[in-house]
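*Asks:* Got a sequence here, can you build the structure:
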Amino acid sequence: MGQAGAFFGFGRRGWYAAPTVAGGGRVKRVNLQQYFVLAETLSAVRQALAPNTLKGGALYFALFQVPTQMGAFINDDNGFSASKHAARDLVSAAQSWLDRIAPNSNFTNENFDQEYQSWAYQSVLQAVDIFKNVFQTECRDVDVYSVGQISIYNTSALVSAGDDILPPDIKANVSPETRVEFTSAAKCLAFDLPTSCGFHSLRALELVMDDYLASFGVKTSGVKSWMDYIKAAQKLIDDDKAQRKPKAKVAAMLDRMRELDRNPLMHPRDTLDEVGADQLFKLCAITATEMVREMIAFRSAEEASNQALLETVSSA
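*Replies:* Reported below is the predicted structural model:
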């Protein structure tokens, strides 16, 4: 995310390009085990095809995993574009032998007992070597980074499921955009972008603030800043005629974050370090949780009241 951001009302729906629910981005987790298994499979193929003669059955069982393992490599968004061409050639060479020995997966003793000279299946070994060489060359241009553990977080969860910072019942009651912002904040924290983590955390919280005030009947379309949110909340708190009011604790938490976290972060000379970003990430999640729980409680009470009214009318 660009750290210039929008100075006013950032995070509000309609004031910025809404993130996709899927999150997007080019960062993905590399499954190293998949590459290990692939290397083991190809090594086993080379070893199995080393003899000068092989029976059809031995040849079949040496190759039957190749299409599956190489297919997973080909279908993975891994950046190895040239290697995928070599992988397809290897799959084609292996599959032609599988179809020859067991056409339509029909196994016969005759085909399994037939002997083949090494020159006949040399094309498979050549395809293995070509893939190995192309893959080794392409590895020089594909970067893989190791991400160390941040605080007490599981790195994989931080990268792929950052919105789990919210309790399950809370996550189920926030907007998809809010979950995306918390997920983006967690990714930024994992990849050593602490100031960007703060931006996304505050954007997530502001989306919850918008829903929170709307639940009290406040028209948020005219709200242009955090101060406007807080003034609207305080106005309800001070209104003696209001039947339902925001908690004073919530308004105080938001005002404190506005003054000490949100406003300073809007200035390019102020940045966050890893510890500060982690604390702000957690604080935004805690504050969002407090507001959502209040909305859930109100909704539950309203539904119970409506149900009681309905039963009263029905029994009259």
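
*Asks:* In this structure, what helix or strand scores lowest on average pLDDT?
*Replies:* Lowest mean confidence among the helices and strands of the chain (mean pLDDT, DSSP states H and E): helix 263-265, at a mean of 73.

*Asks:* Give me the contacts around that helix.
*Replies:* For helix 263-265, contacts defined as C-beta atoms under 8 Å, 6 or more residues apart in numbering pick out Thr195, Gly198, Phe199, Leu202, Trp226, Asp270, Leu272. Bear in mind the C-beta positions are built from the backbone N, C-alpha and C, glycine included.

*Asks:* Mind checking which of those residues are in helices?
*Replies:* In helices, defined here by DSSP state H, the members of the contacts of helix 263-265 are Thr195, Gly198, Phe199, Leu202, Trp226.

*Asks:* and the two most separated of these?
*Replies:* Across the ones in helices among the contacts of helix 263-265, the longest distance by C-beta to C-beta is 17.9 Å; it joins Thr195 and Trp226.

*Asks:* More neighbours: these two, which one.
*Replies:* Trp226 (24 against 18; other C-beta atoms under 10 Å).

*Asks:* Please tell me how far Thr289 sits from Arg299.
*Replies:* 15 Å (C-beta to C-beta, to the nearest Å).

*Asks:* Between these two, tell me which one has more neighbours.
*Replies:* Thr289 (18 against 12).

*Asks:* mind listing what the more buried one touches?
*Replies:* Residues near Thr289 by C-beta under 8 Å, 6+ apart: Leu166, Pro167, Ile170.

*Asks:* Isn't the first one up against Thr183?
*Replies:* No: look at Leu166 against Thr183 with C-beta atoms under 8 Å: they stay out of range, at 10.4 Å.

*Asks:* and Gly217, that one's in a helix?
*Replies:* No: Gly217 is assigned coil when assessed by DSSP: H, G, I helix; E, B strand; the rest coil, not a helix.

*Asks:* can you tell me how far it sits from Cys188?
*Replies:* Taking C-beta to C-beta, one finds Gly217 at 35 Å from Cys188.

*Asks:* So which of these two has more stuff around it?
*Replies:* Cys188 (24 against 10).

*Asks:* And the pLDDT at that one?
*Replies:* Per-residue confidence (pLDDT) for Cys188: 91.

*Asks:* Ok, Ala316 next?
*Replies:* pLDDT at Ala316 comes out at 60.

*Asks:* Arrange the ones in helices among the contacts of helix 263-265 in JSON lines, one row each, with pLDDT as further columns.
*Replies:* Conversion of the ones in helices among the contacts of helix 263-265 to JSON lines gives the following (pLDDT from 0 to 100):
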{"residue": "Thr195", "pLDDT": "90"}
{"residue": "Gly198", "pLDDT": "91"}
{"residue": "Phe199", "pLDDT": "90"}
{"residue": "Leu202", "pLDDT": "91"}
{"residue": "Trp226", "pLDDT": "80"}
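
*Asks:* will you turn the residues you listed into TSV that also has distance to Ala120?
*Replies:* Below are the ones in helices among the contacts of helix 263-265 laid out as TSV (distance: C-beta to C-beta, whole Å):
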residue	distance to Ala120
Thr195	62
Gly198	64
Phe199	62
Leu202	66
Trp226	74
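
*Asks:* ok so, going back, return a PyMOL selection command for the buried portion of the contacts of helix 263-265.
*Replies:* Isolation of the buried members of those (16 or more other C-beta atoms under 10 Å) is achieved in PyMOL through the command below:
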select buried, resi 195+198+199+202+226+272
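
*Asks:* from the contacts of helix 263-265, which is closest to Phe107?
*Replies:* Nearest member of these to Phe107, counting by C-beta to C-beta, is Phe199, at 60.6 Å.

*Asks:* Show me where this structure has its strands.
*Replies:* 53-55, 115-117 (DSSP state E).

*Asks:* where are the low-confidence patches of this protein?
*Replies:* For the chain, applying pLDDT under 70 flags the ranges 1-28, 302-316.

*Asks:* Report the central residue of it.
*Replies:* Note on the chain: the residue nearest the mean C-alpha position is Ser160, at 3.3 Å, using C-alpha atoms, centre = their mean.

*Asks:* pretty sure it contacts Arg29?
*Replies:* Yes: between Ser160 and Arg29 there is a contact under C-beta under 8 Å: 6.5 Å.

*Asks:* give me every residue that touches the nearest residue to Val124 once chain neighbours are set aside.
*Replies:* Excluding the flanking residues, the one nearest Val124 by C-beta to C-beta, 6 or more residues apart in numbering is Ala93, at 4.8 Å. When the contact criterion is C-beta under 8 Å, 6+ apart, the partners of Ala93 are Ser123, Val124, Ala127.
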